[in-house]
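Asker: kindly generate the corresponding structure for this input.
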Amino acid sequence: MAKPQVVQMELDSTAHVLVVDDNEMNRDLLVRRLEPLGYRVTVARDGGEALDLLCETQFDLVLLDIMMPVKDGFEVLQEIKAHNRLSLIPVIMITALDDTGSAARCIELGAEDYLTKPFDSVLLKARVSACLERKHLHDQERHYRSEIERYNDELQDRVQQQVQQISSAQLGAIFAMSKLAESRDPETGEHLERMREYCKVISCRLRKLITYEATIDDQFVENIYLASPLHDIGKVGIMDNVLLKPGSLTSDEWVVMKTHPVIGADTLREVDRQHPGNSLIRMGIDIAQSHHEKWDGSGYPYGLAGIDIPLVARILALGDVYDALTSKRCYKEAFTHEKSKSILEEGSGYHFDPDIVTAFLESEGEFKRIREFYQDSE
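Answerer: Sure thing, here's the model as predicted:
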């Protein structure tokens, strides 16, 4: 990306000056004094005409008489300084020699300077030049700030694009790793895709409850959708004679099988250690480690109970069991949705968090549609 171009802004000797005075002689005198200095000069006969011209035309400086009809200099000055665009135009007030008190009031209202009548040509030139120089410096500063902000926005967009590319690559690697674990079990089919959708549905349903509104936000929903495939990643560490055994496992084999949550969590902790701060990986750790815990404390690997079980794991646990019930296995046929629903209801308060069972019941139609859409191939 090219660096921001720093353009040197030259002071414009053809600055546009608005002279506002109800006295024609004063107006003509100021025009005759300013035009030979290279300035473009426009005149207004009263405050109302001046404000109309300011809204229609770009000016660099206003010479504003105080005592005028329609709107006096105080009113015009206040309107200029209250206007979002016009407030940046410097204003020099014109006052009588014996009315410096009014000039001081104008300075308090935001005028940059004042001139007294009759005009001294040297003083007029100096005051006008000084005001225009300050405006030029302010314009230059705003220009540089705008360029820097534009460059920062471009840089931020580029960084965001790179982060998204990296995140997409990381997520692809994570999902590929999850699929690798899944591929060792030939009966899981579209299990990971269904789990993503089940977790998203339950999370969105729970989000409507006051209990979870501070916990479940857009980031939570996105993360559980992306992290849910990691739940059984620890199965890559289980030997084939246990993982792929067609019949019932012995007690010793069950001990081995029950280590897969710990293996999965430890694997992801190593990822988190090397690349800390990724909320998705941290959620994946909770899911991998605790998705076989049960609400009554009878689950594994640590026998956690109730809300000591991470919310993401409690959500995934229901989806995981529902998917196992409604899927065909070598040791059973797929259960119907109604039978699976009945089993989940019976497990409320024992196996499952009651709130999550309720959320499932309120969204069972979506579960059925997901199950039908992501069907396992024969």
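Asker: quick one: which helix or strand includes the spatially closest residue to residue 293 that is not a sequence neighbour?
Answerer: Closest residue to residue 293 apart from its sequence neighbours, by Cβ to Cβ, 6 or more residues apart in numbering: residue 299 at 3.9 Å. The C-beta positions use only the backbone N, C-alpha and C, and glycine is treated the same way. Taking DSSP states H and E as the criterion, no element holds residue 299; it sits outside all helices and strands.
Asker: which ones are touching residue 299?
Answerer: Applying Cβ atoms under 8 Å, 6 or more residues apart in numbering to residue 299 gives the contacts 292-293, 309, 351.
Asker: cool, and residue 195?
Answerer: Contacts of residue 195 (Cβ under 8 Å, 6+ apart): 228-229, 231, 316, 319-320, 323.
Asker: mind redoing it with 6 Å?
Answerer: Contacts for residue 195 (Cβ atoms under 6 Å, 6 or more residues apart in numbering) come out as 228, 319.
Asker: roughly how far apart are it and residue 260?
Answerer: 16 Å (Cβ to Cβ, to the nearest Å).
Asker: before we move on, what about residue 374?
Answerer: 23 Å.
Asker: mind checking which of these two has more residues around it?
Answerer: Using other Cβ atoms under 10 Å as the criterion, residue 374 and residue 260 rank with residue 260 on top: 24 against 17.
Asker: which residues does the closest residue to that one other than its chain neighbours contact?
Answerer: Closest residue to residue 260 in three dimensions, ignoring its sequence neighbours and counting by Cβ to Cβ, 6+ apart: residue 234, at 3.7 Å. Contacts for residue 234 were tallied using Cβ under 6 Å, 6+ apart; they are 260-261, 263-264, 288.
Asker: same check on residue 371?
Answerer: residue 326.
Asker: doesn't it lie inside a helix?
Answerer: Yes - assigned with DSSP: H, G, I helix; E, B strand; the rest coil, residue 371 falls within a helix.
Asker: now the helices for the stretch 101-250 of the chain?
Answerer: Taking DSSP state H, counting those that start in this stretch, the helices of the stretch 101-250 of the chain run over residues 121-183, 191-206, 218-227, 240-243.
Asker: those: lowest mean pLDDT?
Answerer: Lowest mean pLDDT within these: helix 121-183, a mean of 71.
Asker: what about the residue lying closest to residue 45 once chain neighbours are set aside, is that helix, strand or coil?
Answerer: Of all residues not flanking residue 45 in the chain, residue 22 sits nearest, at 5.7 Å (Cβ to Cβ, 6+ apart). Taken by three-state DSSP, the conformation at residue 22 corresponds to coil.
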